[in-house]
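Asker: sharing a model prediction with you, sequence too.
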Amino acid sequence: QGQLVESGGGLVQAGGSLRLSCAASGRILSSYRMGWFRQAPGKEREIVAALSRSGGNTYYRDFVKGRFTISRDSGKNTVYLQMNSLEPEDTAVYYCAADYAYGLGLQLNEYQFWGQGTQVTVSS
């Protein structure tokens, strides 16, 4: 069936950077629209950034605009989330998601496939 595997999370000080990776086995990610979500303790999972199948369209939540960048390396079959100027409020488990539909997916139920998540902790 294939799966998504996130990596790159960890502990970083406020103002630092991390790059999350989402690798796929059994699926060609360039054929999927992609999303990065996050879930903080006691909160609902929320969209952070999204990328269309073509790669021509992106979406960012207001609270990450100018700080986070979603991108895809088709040769490596990997999607990335570059996170700069991290803030303690960015602390959460980050999930990548994929779906075969066109357009941008902004809701959880618009994604069929999910990774297991990677923890990002930002200290003040």
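Answerer: Sure thing, it's come through. What you see is a predicted model; the values in this text were computed from it and never measured.
Asker: shaky segments in the chain?
Answerer: 1-2 (pLDDT under 70).
Asker: how many neighbours does G66 have?
Answerer: 9 (other Cβ atoms under 10 Å). All C-beta spots, glycine's among them, are computed from the backbone N, C-alpha and C.
Asker: can you tell me how far it is from N84?
Answerer: G66 is 9 Å from N84, where distance means Cβ to Cβ, to the nearest Å.
Asker: try T69
Answerer: Counting by Cβ to Cβ, the gap from T69 to N84 is 8 Å.
Asker: residues shared between the contacts of G66 and N84?
Answerer: Counting by Cβ atoms under 8 Å, 6 or more residues apart in numbering, G66 and N84 have no contacts in common.
Asker: contacts only, for the closest residue to N57 other than its chain neighbours.
Answerer: Spatially, and ignoring its direct neighbours in sequence, N57 is nearest to L104 (5.6 Å; Cβ to Cβ, 6 or more residues apart in numbering). L104 makes contacts with 33, 50-52, 57-59, as judged by Cβ under 8 Å, 6+ apart.
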